[in-house]
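In: make a model of this:
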Amino acid sequence: MEIDDCAKVIPFLIGRDFYTFLPIDMAQPYIKDKTLRKVRLTDLEAPVIKSYVIRRKR
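Out: Numbers count the residues shown, from 1 in each chain. Here you go, the predicted model:
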């Protein structure tokens, strides 16, 4: 089982010249307070990430 926890990467981004793809809902507060900035893609499209949920049937 894999749990993708993007929040763990944010401290590595702040104040450095690194980049990654983050869900906009997660990045927006940091973009708003100018801790992170949004960079537009010019020569490629953002990847489509398929997400799945497995849960117990009631």
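
In: tell me the pLDDT of residue 10.
Out: What the model reports for residue 10 is a pLDDT of 87.

In: again but with residue 28, I slipped
Out: pLDDT, residue 28: 94.

In: so where does it fall, helix or strand?
Out: helix 24-32 (DSSP states H and E).

In: so which bits of that helix are buried?
Out: 27, 30 (16 or more other CB atoms under 10 Å). Where you see a C-beta, it was placed from the backbone N, CA and C, and this is true even at glycine.

In: same check, this time on stretch 5-25
Out: Neighbour-count burial for stretch 5-25, counted by 16+ other CB under 10 Å, picks out 10, 13, 22.

In: figure out the length between the terminal residues of it.
Out: This stretch, stretch 5-25, spans 13 Å end to end (CA to CA, to the nearest Å).

In: ok, stretch 13-27 next?
Out: Start-to-end, stretch 13-27 (CA to CA) is 11 Å.

In: what helices or strands is the lowest-mean-pLDDT helix or strand in the chain leaning on?
Out: Counting by mean pLDDT, DSSP states H and E, the chain has its least confident helix or strand at helix 10-13, which shows a mean of 86. Judged by 3 or more CB pairs under 8 Å, 6 or more residues apart in numbering; DSSP states H and E, helix 10-13 has no packing partners among the helices and strands.

In: quick one, strands of the chain?
Out: For the chain, strands defined by DSSP state E do not occur.

In: which stretches of it have low pLDDT?
Out: The model of the chain has pLDDT under 70 over residues 1-4.
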